[in-house]
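Colleague: whatever this is, show me its structure:
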Amino acid sequence: MSRRLHDAFDITAFRPLAHAWVDQVCDYLQRAQTDPALPVLDQQPPRRLLDDLPRITREPTQQALEIAQKVMDASTHVHHPRYVGHQVATTAPLTALTEMLNAVLNNGMAVYEMGQLQTAMELRVVEWMTSALGLGAEASGMLTSGGSLGNLTALAAARTRAQAGTGTGERLAILVSDQAHYCLSRAGRLLGFEPDAVIAVTSDDRFQLRSAAVERSVAATRARGLRPMALVANACTTATGTFDPIDELADCCEAHELWLHVDGAHGASYCVSPTARDHLRGIERADSIVWDAHKMMLMPALITGVLFRRAEDLAAAFQQDASYLFVSDDDERGFDLGQRTVECTKRAMGVTAYVTLSTLGVDTIVDHLEHGLTLARHLARRVEEAEDFELATPPFANIVCFRHRHPGLDNESLDRHQADLRARLVASGRFFLVQTALRGRLYLRCTFVNPHTTCDDIDTLLESLREVAAGR
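Modeller: Model prediction:
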């Protein structure tokens with residue numbers, strides 16, 4: 001072994017580095033949670049960061065702790081109480097340790113023997129998810145890397161069932177809400193659907209998909225010579241956090257023999273919420289569900305459950321032979337997770353999920369979900385009480401969309417006003433929030449994912465927007 005290679009695996013040298021690294025991360029977390037002087041984001045032009053970053057060479061040029069500090073300094077601080085932006089979790093610090101363990105062990109999980117306990121942990125997590133959703137004893141699923149891949153997997157299974165016993169020339173279609181995540185149209189293209197075969201159905205004035213609109217779309221789709229095979233319901237939408245009426249849509253799917261898929265990437269976690277569970281009424285009737293643990297359950301990306309009411313639907317979608325991997329003559333075959341997923345070398349995300357749920361407890365997740373709902377309701381109430389703000393729609397979840405009013409501006413000018421307010425507030429470092437377009441109009445958008453955010457922070461957000469609007 002060369003000296004360089006020996007040094008890369010020298011545990012004597014790694015031990016003090018690891019302790020210093022963890023201390024550095026803990027110091028960062030402490031500052032992010034408590035230091036009001038820390039900007040939520042120190043916004044930098046991308047070209048400047050790239051130009052300042054040393055190129056990779058054959059020889060070592062930097063120290064690991066120096067690089068770690070640079071990464072932390074330049075990041076968006078999701079642990080900051082005034083981060084109210086994109087739908088990514090404020091991760092429980094414990095999960096950093098599970099990720100380190102996964103990195104060291106590096107057990108890719110296509111086959112059972114390359115992740116024995118890791119496989120058992122994933123199956124326990126899937127078992128808990130299907131039980132929490134009420135999917136029944138025949139349910140199954142697996143974990144995969146994100147909602148986009150999860151939705152692709154579910155629709156692949158739906159297509160397999162739709163094609164069973166039919167001619168190969170039949171033209172199939174997928175119905176989605178006009179509020180659906182963009183990954184669904186992408187999944188359709190990847191699965192070989194014609195460009196006009198992923199059909200957006202118009203939602204109502206609360207951004208919900210209703211069965212009457214689906215009925216009309218089914219008829220229009222059939223009139224075009226396509227057979228609708230699946231309907232995708234939102235639980236909840238990315239833009240507004242709106243839940244589609246799943247029970248109502250399940251009735252429609254049964255009447256028309258459609259596969260019901262629920263994109264619950266964000267909102268499926270509310271199945272354990274005492275105050276929001278009702279938004280998911282009927283989800284146990286879905287054929288498949290996607291659930292992102294990395295959005296609402298204090299876990300790092302990516303950890304997504306792809307869950308099926310009937311285990312055979314998942315098995316039928318991914319049948320292949322690979323003699324160098326899959327064993328066909330012993331009891332381990334059912335534990336080879338590579339036969340359930342697009343992925344082969346699969347990260348042991350079940351370890352992170354199992355450790356988080358087992359050591360923090362599900363009730364901790366419930367507390368987190370309820371806190372986000374409380375903050376969303378507080379912001380919605382403050383916006384409705386204010387004369388200089390307007391609400392897009394009352395919140396179902398921890399997402400709130402609203403606009404700042406400005407006298408004398410038409411709609412187009414108001415859109416530019418929202419974008420300008422958001423850009424200037426983020427550049428100031430005081431808050432990080434995002435924006436979204438709804439029915440052609442631009443709104444400010446907050447997602448409450450941080451357990452350290454308070455109602456006082458929300459009141460300060462509205463006052464900060466007023467100050468920016470006034471040029472202060």
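
Colleague: rest of the way, CA atoms for contacts and neighbours
Modeller: Will do.

Colleague: which strands or helices does the one helix or strand Y354 maps to pack on?
Modeller: Per DSSP states H and E: Y354 is located in helix 349-360. Helices and strands touching helix 349-360, by 3 or more C-alpha pairs under 8 Å, 6 or more residues apart in numbering; DSSP states H and E, are helix 94-105, helix 116-133, strand 140-144.

Colleague: helix 349-360 and the shortest one, what's the angle between them?
Modeller: Yep, that's strand 140-144 we're talking about. Computed by axes from the mean of the first three to the mean of the last three C-alpha atoms, to 10 degrees, the angle separating strand 140-144 from helix 349-360 equals 100 degrees.

Colleague: which helices and strands does strand 140-144 pack with?
Modeller: So strand 140-144, by 3+ C-alpha pairs under 8 Å, 6+ apart, packs with helix 116-133, strand 304-308, helix 311-317, helix 349-360.

Colleague: and the ones you listed, which is most packed in?
Modeller: strand 304-308 (a mean of 28; mean count of other C-alpha atoms under 10 Å).

Colleague: each with direction, which strands does that strand pair with?
Modeller: Using DSSP bridges, strand 304-308 pairs in its sheet with strand 140-144 (antiparallel), strand 288-292 (antiparallel).

Colleague: if we go by neighbour counts, what in the helix or strand just after the helix holding Y354 is buried?
Modeller: Next along the chain after helix 349-360, taking DSSP H and E as the criterion, comes helix 362-385. By 16 or more other C-alpha atoms under 10 Å, the buried positions in helix 362-385 come out as 365-366, 368-373, 375-380, 382-383.

Colleague: report the distance from helix 362-385 to the chain centre.
Modeller: Helix 362-385 sits 18 Å away from the centroid of its parent chain (C-alpha atoms, centre = their mean, to the nearest Å).

Colleague: need the contact partners of stretch 24-36.
Modeller: Stretch 24-36 has contacts (C-alpha atoms under 8 Å, 6 or more residues apart in numbering) with L38, Q69, M72, H77, H79, H80, P81, H452.

Colleague: I'd like to know how many residues surround the nearest residue to the last one once chain neighbours are set aside.
Modeller: In other words, H452. Spatially, and ignoring its direct neighbours in sequence, H452 is nearest to P81 (5.1 Å; C-alpha to C-alpha, 6 or more residues apart in numbering). Using other C-alpha atoms under 10 Å, P81 is surrounded by 25 other residues.

Colleague: residues in contact with P81?
Modeller: With contact taken as C-alpha under 8 Å, 6+ apart, P81 is in contact with A32, Q33, N450, P451, H452, T453, T454, D457.

Colleague: thinking again about what came up before, now flag whichever of the contacts of stretch 24-36 is closest to T90.
Modeller: H79 (5.6 Å; C-alpha to C-alpha).

Colleague: can you confirm the closest one is in a strand?
Modeller: No - checked against DSSP: H, G, I helix; E, B strand; the rest coil, H79 lies outside a strand; its state is coil.

Colleague: from start to finish, how long is stretch 428-447 in a straight line?
Modeller: The first residue of stretch 428-447 is 19 Å away from its last residue (C-alpha to C-alpha, to the nearest Å).

Colleague: how about stretch 213-225 as PDB, C-alpha atoms only?
Modeller: Extracted C-alpha coordinates of stretch 213-225, given in PDB (Å, rounded to 0.1, in the frame of the first residue of the first chain):
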ATOM      1  CA  ALA A 213     -63.800  17.700 -13.600                       C
ATOM      2  CA  VAL A 214     -62.200  14.200 -13.700                       C
ATOM      3  CA  GLU A 215     -65.400  12.800 -15.200                       C
ATOM      4  CA  ARG A 216     -65.300  15.400 -17.900                       C
ATOM      5  CA  SER A 217     -61.600  14.700 -18.600                       C
ATOM      6  CA  VAL A 218     -62.200  10.900 -18.800                       C
ATOM      7  CA  ALA A 219     -64.900  11.400 -21.400                       C
ATOM      8  CA  ALA A 220     -62.800  13.800 -23.400                       C
ATOM      9  CA  THR A 221     -59.700  11.600 -23.200                       C
ATOM     10  CA  ARG A 222     -61.700   8.600 -24.500                       C
ATOM     11  CA  ALA A 223     -63.100  10.600 -27.300                       C
ATOM     12  CA  ARG A 224     -59.600  11.300 -28.500                       C
ATOM     13  CA  GLY A 225     -58.900   7.500 -28.700                       C
END
